[in-house]
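1. Quick one, structure for this:
(chains A, B, C and D)
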4 protein chains.
Amino acid sequence: MCRWMGWLGQSVLIDELLFKTQHGIVDQSLHSRMGAETTNGDGFGIGWYGAGAGPGVYHSVAPAWGDANLRELAAHIESPLFLAHVRAAIGSPVQQTNCHPFRRGNWLFVHNGFINGFHLLRRDLMLAIAPEQFADVEGSTDTEVVFHLALTLGLESDPIAALERTIGLIEATAAEHDVPAAVQGTFGVSDGNSLWAVRYATEGPARSLFASADVDTVKRLHPENPRLQRLSEGDRLIVSEPFADLPGVWHEVPEATAVCARRGGELEQRPFVPQAQPRITVTRHQPSATLNT
Amino acid sequence: MCRWMGWLGQSVLIDELLFKTQHGIVDQSLHSRMGAETTNGDGFGIGWYGAGAGPGVYHSVAPAWGDANLRELAAHIESPLFLAHVRAAIGSPVQQTNCHPFRRGNWLFVHNGFINGFHLLRRDLMLAIAPEQFADVEGSTDTEVVFHLALTLGLESDPIAALERTIGLIEATAAEHDVPAAVQGTFGVSDGNSLWAVRYATEGPARSLFASADVDTVKRLHPENPRLQRLSEGDRLIVSEPFADLPGVWHEVPEATAVCARRGGELEQRPFVPQAQPRITVTRHQPSATLNT
Amino acid sequence: MCRWMGWLGQSVLIDELLFKTQHGIVDQSLHSRMGAETTNGDGFGIGWYGAGAGPGVYHSVAPAWGDANLRELAAHIESPLFLAHVRAAIGSPVQQTNCHPFRRGNWLFVHNGFINGFHLLRRDLMLAIAPEQFADVEGSTDTEVVFHLALTLGLESDPIAALERTIGLIEATAAEHDVPAAVQGTFGVSDGNSLWAVRYATEGPARSLFASADVDTVKRLHPENPRLQRLSEGDRLIVSEPFADLPGVWHEVPEATAVCARRGGELEQRPFVPQAQPRITVTRHQPSATLNT
Amino acid sequence: MCRWMGWLGQSVLIDELLFKTQHGIVDQSLHSRMGAETTNGDGFGIGWYGAGAGPGVYHSVAPAWGDANLRELAAHIESPLFLAHVRAAIGSPVQQTNCHPFRRGNWLFVHNGFINGFHLLRRDLMLAIAPEQFADVEGSTDTEVVFHLALTLGLESDPIAALERTIGLIEATAAEHDVPAAVQGTFGVSDGNSLWAVRYATEGPARSLFASADVDTVKRLHPENPRLQRLSEGDRLIVSEPFADLPGVWHEVPEATAVCARRGGELEQRPFVPQAQPRITVTRHQPSATLNT
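-> This next block holds a predicted model:
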């Protein structure tokens, strides 16, 4: 059910974090320890801020562990802020338009988890996207729909509040269709300056999510580790599962919590509480064509 | 803007018609003479009836001219009824879920052409699909939406009448959005027993479409051609453009016309006249989420 | 390190064995229990005898578990003799030309295992291929080279004897380069009439290999199982690991053993003993270009 | 038969030259005007110097005109020196290991053209590669073999001299096999500091090759063109065919000529004269395995 990671900090070659770690996300594509699936081989993607306007994205249907292009790109692209995601597909096809991160303008979006009963809910949820944005949905994943709903509900002004409204809307829609446990997972969002993440499940334990500790703490705990000594103040990793067995370096993000890493700052944390949304039409009568009898 | 072909007749290895013709559809993927584009290299697909339940489909994003698997499959699959399609993509991504033929149950569907302004019309058209079928739309092409609208409007009972209603609905929707020249192209449909095709354009000339002449005529005109002498009564090809320069073998299907080839029978032909569809809601007010101010 | 299977018997839809088994090869691509790797997601291939001349092959770089085309083809191709293989790549790229089965004329060839130190041995081994066949090696796997050496050494007359000479040559070449444990694995071969398999390792335990028991035995042991009751005399499966927990149905092939299944007959078994090959040149001086100093 | 381009100069986003030109290489993948083929849709590749150690490479089997990832990468990677290539395959499969540029260490290599009769010559030519490099040949193209021969013959010291020796060796080998017109095409080479190109054909006209004029001249001729006014001294393009109809901007490289662009300098030009190579063995007796009679 996917794994993802986000980096915000000094500019680094992407492969420093994708490949040169003990158990980084590419290793997790083959040997995840904490995910719902051991294997996340149904495609991957990276989104990075750096050269050029807005974030660049690279998506592939190949398993991350074997993709030669990923190794190349990671070794030759530097970025101070990037997201990477490896996918375990549930129900929707493996294709580039179904890979994360999704992007709109300066915003990137990743997700580990699922919307329960999405096949039943897809029509109602897509109808709730701002009409002029409907045709911008390119793929068939639940995540892309969540992203466009969040954009409709104000992501670009306040990502966490928008996601609270989005999850609220999804839970209400699921209830109408008698679908339980509607939302599961973790979400990652960035605008190129900050990096937000949410951990939430309608019912039961949510997918794992960790943030790296403040750099002062990390350096103090591991003076013998040269790579960690190169960290700068404000450098932050947010990850589905830790990259290495380094005591004190990783803090688990609690359930129903949102975090925000800002450039050079501390990690902010607050509760994540879905907000129920009033629906504009109450009737279940949908406009659709029928056969004239 | 794509090329397609359909065969109904004796069981043949698919490569007899895909590769062993002077200018068959694979050659047309690289050197189309009549299509809107010379090159149709944005993926391809085949759908065939034969072994197994219902039609099998094979889709690939590779250009047809270079795909080793296509050569293999064509040389080792026999079928008495199949459709093949090579794609020139306009606006939607090259991915397997955007390749034709589309399939539902026993039905296959191909299209050469486009729905004008589809980006503007996509939401309204998808809303007009039977709600319980909405989530079965896997890709992002106009053709797949046309197919699902036709299924909603009775394709499985009467394909041509359903397409007349479908085109009527699309033209009405386009008019609401001030989109001219809404529908362009040719459509191919089969249920495993018959093969239907339509040639139609809202405005101006429609994409080319040809049907092979009755086998008696073909054999009589070309006694020196051993391949043509092997044809059986009722064998029929319907194609975007002719496979070979063989005088008298190809009849152009007129504009605004539907044809039907039935096993062992003659080619039926009738006018194709879109039927305007009453819309269930007249208001343009859509149910969608908005940001609480 | 790969898994494979071969079927010889009544004509069946390929998916009967690829998908409609408890733990068939597609399941093994994600959850192998006996292989060196749990995951075999670096491409797959099928080779089948049936319609058309000689065997057809289909290769894909996609993981078998997620490939929509594989499901389609398996459900619509019938064959009385086919091989399927899922790959875990070691050292050579994931590409269609590196997928098994390899084919030449009527012959198919699969392998689970590896040639140790292949990077060091590749030149000498490729030189030992009949010169007129050298340029027919399309990919970069050890398996394809083993296949072409076996063809050079008489595979088409006597596959097992040819493989004994081939393994002997490889072991001798490895010894010259101080490479230990040269050969590891199981091999599958067919000409469309018979199905041969070999289990062998230069050192230590060889990769697993099983053959199904005689149909009489299988039916007698499992009278309650309708699928097994449909088996015909002579039906035979040869597999890397068993498809289901069915006591008495699977016999492990011993180390250093070759088996042969012939249409309608019993499973023949004999020891597999590599034959050292005299080398035509004893000098290690190879013709190569050098820079004029 | 391919098209390629090289840029050496100020650091630019790759898409400035790949996409934001009137008739750049991506347009040439679909509508080449000067190439042997109109369509060059059998994969593409880019190799660039910039961030990270040595050149990065990105290869894809998708046609360049439709690859979403290429647009992304080009828009977000800056480089002062890069090569791009679009492929029309002749005889060898479309796969990433057969895409140009080829790379070894800091060196990149591209080719438009072919080695005639390569299937006959492949064994002898691969034998002439330094034995310890033999197994580094990953693909099956003639170009990759030319590259490794040139590396064997001193490319890293003097690329043009090495290519003269390489072409000489190839022509001699071809003569032994009675293959005429052995070598055809243009070659591009870089080490990250300089950019070399060769235009040569054993017989008849060679593939087209152009170099941009000195920046002073370009600016003087086109004062109204803002993009051209942004050029810096020493900026240089070397291309299979010109990107735009700009009089005076492009100089055709003559037949049998090598050029070299050095950072900030003028374009050097000299004749290209293949040097026959003495062969180390004169016998045609090859070491190969044979069947014991």
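2. CA only for contacts and neighbour counts going forward, please
-> Will do.
3. can you map out the strands along the stretch 101-250 of chain A?
-> A:102-104, A:107-115, A:183-190, A:194-201, A:210-212, A:236-239, A:250-252 (DSSP state E, counting those that start in this stretch).
4. okay, the angle between the fourth one and strand A:107-115?
-> So the one you mean is strand A:194-201. Orientation check (axes from the mean of the first three to the mean of the last three Cα atoms, to 10 degrees): strand A:194-201 against strand A:107-115 gives 10 degrees.
5. Give me the contact list for strand A:194-201.
-> Outside strand A:194-201, the residues that touch it by Cα atoms under 8 Å, 6 or more residues apart in numbering or on different chains are A:6, A:8, A:159-160, A:181-190, A:206-209, A:238, A:253-263, A:272.
6. Next: the first one.
-> When contacts are taken as Cα under 8 Å, 6+ apart, the neighbours of strand A:102-104 outside the stretch itself are A:55, A:57, A:108-110, A:144, A:147.
7. switch the cut-off to 10 Å
-> For strand A:102-104, the surrounding residues in contact (Cα atoms under 10 Å, 6 or more residues apart in numbering or on different chains) are A:45-47, A:54-57, A:59, A:108-111, A:136-139, A:143-144, A:147-148, A:151, A:189-191.
8. how about low-confidence regions in chain A?
-> By pLDDT under 70, the low-scoring segments of chain A are A:1, A:277-293.
9. residue ranges for the helices of it, please.
-> For chain A, applying DSSP state H gives helices covering A:15-18, A:25-31, A:68-76, A:118-127, A:142-152, A:159-176, A:215-221, A:226-229.
10. could you dump the ones you listed to CSV with distance to chain C and mean neighbour count?
-> Shown next, in CSV, are the helices of chain A (distance: least, Cα to the nearest Cα, whole Å; neighbours: other Cα atoms under 10 Å in any protein chain shown):
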stretch, distance to chain C, mean neighbour count
helix A:15-18, 20, 19
helix A:25-31, 8, 25
helix A:68-76, 8, 21
helix A:118-127, 19, 20
helix A:142-152, 18, 24
helix A:159-176, 28, 22
helix A:215-221, 35, 16
helix A:226-229, 29, 13
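11. With respect to chain B, which of the ones you listed lies nearest?
-> Of all the helices of chain A, it is helix A:118-127 that lies closest to chain B, at 5.6 Å by Cα to the nearest Cα.
12. Can you check what angle separates that closest one from helix A:159-176?
-> Using the same axes, to 10 degrees, helix A:118-127 lies at 120 degrees relative to helix A:159-176.
13. tell me how far the ends of stretch A:257-272 are from each other?
-> 5 Å (Cα to Cα, to the nearest Å).
14. Check stretch A:238-257 too.
-> End-to-end for stretch A:238-257, by Cα to Cα: 13 Å.
15. distance between that stretch and the chain's centre?
-> Computed by Cα atoms, centre = their mean, to the nearest Å, the chain-centroid distance of stretch A:238-257 equals 15 Å.
16. so what's the closest residue in space to A:P271 that isn't next to it in sequence up against?
-> Take A:P271 and drop its neighbours on the chain: the residue closest to it by Cα to Cα, 6 or more residues apart in numbering or on different chains is A:T257, 4.4 Å away. With contacts defined as Cα under 10 Å, 6+ apart, A:T257 is in contact with A:160, A:186, A:197-200, A:269-273.
17. Turn those into a markdown table, columns for distance to B:I129.
-> Shown next, in a markdown table, are the contacts of A:T257 (distance: Cα to Cα, whole Å):
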| residue | distance to B:I129 |
| --- | --- |
| A:I160 | 34 |
| A:T186 | 32 |
| A:A197 | 36 |
| A:V198 | 35 |
| A:R199 | 35 |
| A:Y200 | 33 |
| A:Q269 | 44 |
| A:R270 | 42 |
| A:P271 | 40 |
| A:F272 | 36 |
| A:V273 | 35 |
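18. Check those residues against D:C99 and report the nearest one.
-> A:T186 (38.4 Å; Cα to Cα).
19. My guess is the closest one contacts A:R207. True?
-> Yes: counting by Cα atoms under 10 Å, A:R207 is a contact partner of A:T186 at 6.2 Å.
20. Overlap in contacts, these two.
-> Residues touching both A:T186 and A:R207 (Cα under 10 Å, 6+ apart): A:3, A:112-113, A:199-201, A:240, A:255.
21. Pick the one among those residues closest to C:N40.
-> Out of these, the member with the shortest distance to C:N40 (by Cα to Cα) is A:R3, at 19.6 Å.
22. To B:S232, which of the helices of chain A lies closest?
-> helix A:118-127 (46.0 Å).
23. Which elements pack onto the closest one?
-> Applying 3 or more Cα pairs under 10 Å, 6 or more residues apart in numbering or on different chains; DSSP states H and E, one finds that helix A:118-127 contacts helix A:142-152, helix A:159-176, helix B:118-127.
24. Return the alpha-carbon coordinates of stretch A:67-82 using CSV.
-> Extracted in CSV, the C-alpha atoms of stretch A:67-82 (Å, rounded to 0.1, in the frame of the first residue of the first chain):
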residue,chain,number,x,y,z
ASP,A,67,14.7,1.2,-12.8
ALA,A,68,18.0,2.4,-14.3
ASN,A,69,16.6,5.8,-15.1
LEU,A,70,15.7,6.4,-11.4
ARG,A,71,19.3,5.8,-10.4
GLU,A,72,20.6,8.1,-13.0
LEU,A,73,18.2,10.9,-12.2
ALA,A,74,18.7,10.6,-8.5
ALA,A,75,22.5,10.8,-9.0
HIS,A,76,22.3,14.0,-11.1
ILE,A,77,19.5,16.1,-9.7
GLU,A,78,20.0,18.3,-6.7
SER,A,79,17.1,19.6,-4.7
PRO,A,80,16.4,21.3,-1.4
LEU,A,81,12.8,19.8,-1.3
PHE,A,82,11.5,16.7,-2.8
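25. how about that stretch against chain D, any contact?
-> Yes: contact of stretch A:67-82 with chain D (Cα under 10 Å from any Cα of the partner chain) involves A:68-78.
26. which of A:T186 and A:R207 has more neighbours?
-> Between A:T186 and A:R207, counting by other Cα atoms under 10 Å in any protein chain shown, A:T186 is the more crowded of the two (27 against 23).
27. what sits opposite the nearest residue to the more buried one once chain neighbours are set aside in the beta ladder?
-> Counting by Cα to Cα, 6+ apart, A:T186 lies nearest to A:R199, which is 4.5 Å off, once chain neighbours are set aside. Beta-bridge partners for A:R199, by DSSP bridges, are A:T186, A:T257.
28. Would you check how far apart the residue of chain A found nearest chain C and B:G35 are?
-> Closest to chain C within chain A is A:A62: 6.7 Å, counting by Cα to the nearest Cα. Distance of A:A62 to B:G35, computed by Cα to Cα: 33 Å.
29. Which of these two has more residues huddled nearby?
-> A:A62 (26 against 21).
30. so the more buried one sits right up against C:S60, yeah?
-> No: in this structure A:A62 lies outside contact range of C:S60 using Cα under 10 Å: 11.1 Å.
31. Quickly list what's touching both of those two.
-> With Cα under 10 Å, 6+ apart, A:A62 and C:S60 have common neighbours C:42-43, C:94.
32. closest to chain D among those residues?
-> Nearest to chain D out of these is C:V94 (Cα to the nearest Cα; 9.2 Å).
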